[in-house]
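Undergrad: Predicted structure and sequence below. I'll ask about it afterward.
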Amino acid sequence: QLRLGSSVDSPEVAALVYCELCPAVERVIAHGMRDFEGGMHLFGKVKLTPWRVAEMTAELG
């Protein structure tokens, strides 16, 4: 049974997440991603990165 916890509790799962899942998700997000966020912004164009997409997604929920 899988449960959420510290990477100390389950180092095998942590290694899979950090070494396999995170890079895979980053590649999926980056594939075909626009260079800049659409719309008007106070400070000009906002460059999109996989990390920025993750931040925007976290802000929504």
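TA: In hand now; what should we look at? Residues are numbered from 1 along each chain as shown.
Undergrad: Can you get me a residue count around residue 23?
TA: By other C-beta atoms under 10 Å, the residues close to residue 23 number 11. The way it works is simple: take the backbone N, C-alpha and C, and place the C-beta from them, glycine included.
Undergrad: And for residue 53?
TA: The local packing of residue 53 (other C-beta under 10 Å) involves 16 other residues.
Undergrad: How about the contacts made by it?
TA: With contacts defined as C-beta atoms under 8 Å, 6 or more residues apart in numbering, residue 53 is in contact with 29, 33.
Undergrad: That one is in what secondary structure piece?
TA: Residue 53 belongs to helix 50-60 when assigned by DSSP states H and E.
Undergrad: and that helix, what's its mean pLDDT?
TA: Averaging pLDDT along helix 50-60 gives 78.
Undergrad: I'd like the distance between the residue most central in space within the chain and residue 9.
TA: Residue closest to the average C-alpha location in the chain (C-alpha atoms, centre = their mean): residue 54, at 4.0 Å. Look at residue 54 and residue 9: by C-beta to C-beta, to the nearest Å, they are 24 Å apart.
Undergrad: got any ranges where the protein has weak pLDDT?
TA: Counting by pLDDT under 70, the ranges of the chain that qualify are 1-5, 39-41, 60-61.
Undergrad: So which residues of the protein form helices?
TA: With helices called from DSSP state H, the chain shows them at 11-16, 22-30, 50-60.
Undergrad: Switch those helices over to CSV; also include distance to residue 37.
TA: CSV is the format used below for those (distance: least, C-beta to C-beta, whole Å):
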stretch, distance to residue 37
helix 11-16, 31
helix 22-30, 14
helix 50-60, 8
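Undergrad: Any idea which of these gets closest to residue 43?
TA: helix 50-60 (13.8 Å; C-beta to C-beta).
Undergrad: Could you list the buried residues of that closest one?
TA: 50, 53 (16 or more other C-beta atoms under 10 Å).
Undergrad: Would you mind writing the CA trace of that helix as PDB?
TA: Provided in PDB are the C-alpha atoms of helix 50-60 (Å, rounded to 0.1, in the frame of the first residue of the first chain):
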ATOM      1  CA  PRO A  50       8.000  24.100 -17.100                       C
ATOM      2  CA  TRP A  51       8.500  25.400 -13.500                       C
ATOM      3  CA  ARG A  52       6.300  28.500 -14.300                       C
ATOM      4  CA  VAL A  53       3.600  26.200 -15.600                       C
ATOM      5  CA  ALA A  54       3.800  24.200 -12.300                       C
ATOM      6  CA  GLU A  55       3.600  27.400 -10.300                       C
ATOM      7  CA  MET A  56       0.500  28.600 -12.300                       C
ATOM      8  CA  THR A  57      -1.200  25.200 -11.900                       C
ATOM      9  CA  ALA A  58      -0.600  25.200  -8.100                       C
ATOM     10  CA  GLU A  59      -2.000  28.700  -7.800                       C
ATOM     11  CA  LEU A  60      -5.300  27.500  -9.400                       C
END
